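>>> Quick one, fold the following:
(chains A and B)
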2 protein chains.
Amino acid sequence: MRDFSADHRWLSINTATLRKSRGEDLPLPDILDLCAKRGVRAISPWRDQVAAAGLANVSKLVKSHGFELSGYCRGGMFTATDDAGLRAADDDNRRALDEARELNAACLVLVVGALPGALAGKAAHKDIALSRQQVHDGIGRLLEHSRAAGMPLAIEPLHPMYAADRACVNTLEQALDICDALDPSKSGALGVAVDVYHVWWDPKLQQQIQRAGNKRLLAFHVCDWLTPTTDLLNDRGMMGDGVIDIPLIRGWVEGQGFAGYSEVEIFSTGNWWRREAAETLDTCIARHRSVV
Amino acid sequence: MRDFSADHRWLSINTATLRKSRGEDLPLPDILDLCAKRGVRAISPWRDQVAAAGLANVSKLVKSHGFELSGYCRGGMFTATDDAGLRAADDDNRRALDEARELNAACLVLVVGALPGALAGKAAHKDIALSRQQVHDGIGRLLEHSRAAGMPLAIEPLHPMYAADRACVNTLEQALDICDALDPSKSGALGVAVDVYHVWWDPKLQQQIQRAGNKRLLAFHVCDWLTPTTDLLNDRGMMGDGVIDIPLIRGWVEGQGFAGYSEVEIFSTGNWWRREAAETLDTCIARHRSVV
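Next comes the predicted model:
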């Protein structure tokens, strides 16, 4: 396992982590500037932040700062109630692929979607098996474009507490079943994003990381699980403040040959997003070296 | 699958559902009285409620009302930081077994525990594999007493969002692996409690219910998953108000031969516990007939 203690060369900052500073929105160019000043080499931006700053502008900034992208957040949301909805999702995902390519991302991360309408509080139906079939089919269609663009797709299994409204792929095993079905040759075009927050609880985690192997392990995300957790979405902890044995999981991932960035992704309405972004970033760097 | 629409003979009320009426604690004898007046035939009481009312008193009331117990809530919490803690858990679990026997429960439900100290906000360690081993060993020790007492143990896999602080058994597959290891002959002494709230998201749910079979399916609990869910513990929904396809899952369970009660267990600080308990109970009965 790589030694992270001496520097932060393998740290990537998911830009959602610094989305807010003292509760106010922080524009992506300012986030990039903060990261560059601290010698952060990699980022993973969110589409809405890129759109707000303008893709061409962000592309220029990424190049001028010399950033790599450990991933691009995000494609997915494949489920819908009708064909028009499915086609709209396809179109949007192809645009996400183009953006990821423009920014030279390592992969496009997929949050696959769940029961249509549930995120707005009103699920159109309760048929999670149907949603899972739509996700499978949608990834299959996107994969053709992904191969053509040379942009790998990373399915991110989300914690089961998001099964209703954000992602109906909820375990690494389930994500890898999709990979095996759609890309049996392990071409490298389709794999998974392992976020410790979503998978740390899984009794089959080590086994499934081994099953994934280096060909399927496209991204590694860290934060921590707090006790208590006061909000299902926006109460993620800073690494070291919760109960996840992050080095154990990183060891499993790197044991398969993964040599990419360790990407920090923290959503924290009540704590980190209230602080000065510079403080949050400095803490990310310190914790990356000490507890990741 | 049984037709529940004509009456509520197969309804059981987990007494936590009526724990509060208009926000005030409702004593167990009052809960039993409410249930009896509406022809509810079965209950599943919590230990703290029984202790507050007195075991002998509750036992007398259960007999005079003619209630069956679909389960007794709960044993478990097997994890600890030292031998003294493990022994204390063993002792407490044997007392729970005795109480379950006194009340003639169908099974003792086990919420197995997780990282010691996490429920109080300060986990003693991050080694979930160690906790899982302690749970396995603790169930093994309790099983000897369970066999002697003729009181089956029902492992309840809890939703993965409770893996840190309440239960480190988080899927039906994991629970059944424990059952197979400790009771390979499927004697009936060890099985599972299937609560739709905890398992509805699992892509392997149908497969694992089939694996469990009638010998291992000891209890069936219902409520609903709300979107959004505003609290990790106490925002469970009334059946029909959320996204779980309850009849689908009940069909799978009954397809294995399960013919026991459908037990309603709702924790709801913000809604149902604020209402009059009689209204909550009437709604449970109506929904049992219409959407379970």
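
>>> What parts of the stretch 101-250 of chain A come near chain B?
Applying C-beta under 8 Å from any C-beta of the partner chain, one finds that the stretch 101-250 of chain A approaches chain B through A:115, A:118-119, A:121-123, A:126-128, A:132, A:159-161, A:163-165, A:168, A:170-171, A:174, A:200-203, A:225, A:227-229, A:232, A:242-245. The way it works is simple: take the backbone N, C-alpha and C, and place the C-beta from them, glycine included.

>>> Select from those residues every entry located in strands.
Among those, no member falls in strands (criterion: DSSP state E).

>>> sec struct for the most centrally placed residue in chain A, please.
With distances taken as C-alpha atoms, centre = their mean, A:Val109 lies nearest the centre of chain A, 5.4 Å away. Under DSSP: H, G, I helix; E, B strand; the rest coil, the three-state class of A:Val109 is strand.

>>> what pairs with it across the strands?
Beta-bridge pairing for A:Val109 (DSSP bridges): A:Cys73, A:Ala154.

>>> if I look at it, how far off is A:Asp202?
Here A:Val109 is placed at a distance of 19 Å from A:Asp202 (C-beta to C-beta, to the nearest Å).

>>> One more: A:Leu130?
For A:Leu130 relative to A:Asp202 (C-beta to C-beta), the value is 24 Å.

>>> of these two, who's got more company?
Comparing A:Leu130 with A:Asp202 by other C-beta atoms under 10 Å in any protein chain shown, the one with more neighbours is A:Asp202, at 24 against 15.

>>> A:Arg289 against A:His8, yeah?
Yes - counting by C-beta atoms under 8 Å, A:His8 is a contact partner of A:Arg289 at 6.2 Å.

>>> So which of those two has more stuff around it?
The neighbour comparison of A:Arg289 against A:His8 (other C-beta under 10 Å) goes to A:His8, with 22 against 15.

>>> ok, and what's touching the helix or strand in which A:Arg94 is found?
Here A:Arg94, judged by DSSP states H and E, is contained in helix A:83-102. Outside helix A:83-102, the residues that touch it by C-beta atoms under 8 Å, 6 or more residues apart in numbering or on different chains are A:47, A:50, A:55, A:59, A:69, A:72, A:74-80, A:107-108, A:113, A:116, A:134, A:138, A:141-142, A:145-146, A:149-151.

>>> Let's see that with 7 Å instead.
Applying C-beta atoms under 7 Å, 6 or more residues apart in numbering or on different chains, the external contacts of helix A:83-102 come out as A:47, A:50, A:55, A:59, A:72, A:75, A:77-78, A:80, A:108, A:134, A:138, A:141-142, A:145-146, A:149, A:151.

>>> and these, which are buried?
Among the contacts of helix A:83-102, those buried by neighbour count (16 or more other C-beta atoms under 10 Å in any protein chain shown) are A:47, A:50, A:72, A:75, A:77-78, A:80, A:108, A:134, A:138, A:141-142, A:146, A:151.

>>> Among the residues you listed, which are located in helices?
A:47, A:50, A:134, A:138, A:141-142, A:146 (DSSP state H).

>>> quick one: low-confidence parts of the stretch 101-250 of chain A?
For the stretch 101-250 of chain A, no stretch has pLDDT under 70.

>>> which residue ranges form the helices in it?
Counting by DSSP state H, counting those that start in this stretch, the segments of the stretch 101-250 of chain A that form helices are A:128-149, A:172-182, A:196-199, A:205-216, A:246-255.

>>> Determine the set of other helices and strands touching the longest one.
In other words, helix A:128-149. Using 3 or more C-beta pairs under 7 Å, 6 or more residues apart in numbering or on different chains; DSSP states H and E, the elements in contact with helix A:128-149 are helix A:83-102, strand A:153-155, helix A:172-182.

>>> ranking these by burial, who's on top?
strand A:153-155 (a mean of 27; mean count of other C-beta atoms under 10 Å in any protein chain shown).

>>> Quick one: distance of it to the chain centre.
The chain centre lies 9 Å from the centre of strand A:153-155; the measure is C-alpha atoms, centre = their mean, to the nearest Å.

>>> That one - contacts with which helices or strands?
strand A:108-111, helix A:128-149, helix A:172-182, strand A:190-195.

>>> for the ones you listed, which one sits closest to B:Lys186?
Checking these against B:Lys186 by C-beta to C-beta gives helix A:172-182 as the closest, at 25.2 Å.

>>> got a list of contacts for that closest one?
Identification of contacts with helix A:172-182 by C-beta under 7 Å, 6+ apart yields A:136, A:139-140, A:143, A:155, A:157, A:169, A:190-192, A:194, A:199, A:202, A:204-205, A:208-209, A:211-212, A:216, B:203.

>>> Could you report the distance from the residue nearest to the centre of chain A to B:Asn14?
Distance, A:Val109 to B:Asn14, using C-beta to C-beta: 40 Å.

>>> Also A:Leu110?
Distance of A:Leu110 to B:Asn14, given as C-beta to C-beta: 38 Å.

>>> Neighbour count: the two, which is higher?
Taking neighbours as other C-beta under 10 Å, A:Leu110 and B:Asn14 compare with A:Leu110 leading, 31 against 27.

>>> do you know how far that one is from B:Phe67?
Using C-beta to C-beta, A:Leu110 is found at 50 Å from B:Phe67.

>>> and what of A:Ser290?
Counting by C-beta to C-beta, the gap from A:Ser290 to B:Phe67 is 56 Å.

>>> So which of those two has more stuff around it?
A count of neighbours by other C-beta under 10 Å puts B:Phe67 above the other of A:Ser290 and B:Phe67, at 23 against 11.

>>> wait, what's in contact with that one?
Residues in contact with B:Phe67 (C-beta under 7 Å, 6+ apart) are B:32, B:41-43.

>>> tell me which of those residues is nearest to B:Val253?
B:Ala42 (16.3 Å).

>>> For the closest residue to the closest one other than its chain neighbours, grab the count of nearby residues.
Nearest residue to B:Ala42 in three dimensions, chain neighbours excluded: B:Ser12, at 3.7 Å (C-beta to C-beta, 6 or more residues apart in numbering or on different chains). Residues lying near B:Ser12 (other C-beta under 10 Å) number 30.

>>> so who does B:Ser12 touch?
Taking C-beta under 7 Å, 6+ apart as the test, what B:Ser12 contacts is B:42-44, B:70, B:261-263.

>>> A:Ile43 now?
A:12-13, A:15, A:32, A:35, A:67, A:69.

>>> gap between A:Thr269 and A:Leu233?
To A:Leu233, A:Thr269 is 8 Å away according to C-beta to C-beta.

>>> got it, and A:Arg166?
From A:Arg166 across to A:Leu233, the span is 8 Å (C-beta to C-beta).

>>> more neighbours, those two?
A:Arg166 (21 against 12).

>>> thinking that one is in contact with A:Pro116, fair?
No - using C-beta atoms under 7 Å, A:Arg166 is not in contact with A:Pro116, being 12.0 Å away.

>>> The residue lying closest to A:Ala189 once chain neighbours are set aside - how many residues pack around it?
Leaving aside its sequence neighbours, A:Ala189 sits nearest to A:Arg147 (C-beta to C-beta, 6+ apart; 5.0 Å). By other C-beta under 10 Å, the residues close to A:Arg147 number 16.

>>> isn't A:Leu108 right up against A:Gly75?
Yes - using C-beta under 7 Å, A:Leu108 is in contact with A:Gly75, at 4.9 Å.

>>> ok, A:Val111 - contacts?
By C-beta under 7 Å, 6+ apart, the contact list for A:Val111 reads A:74, A:76-77, A:156, A:158, A:166-167.

>>> Quick check: it vs A:Pro157, distance?
10 Å.
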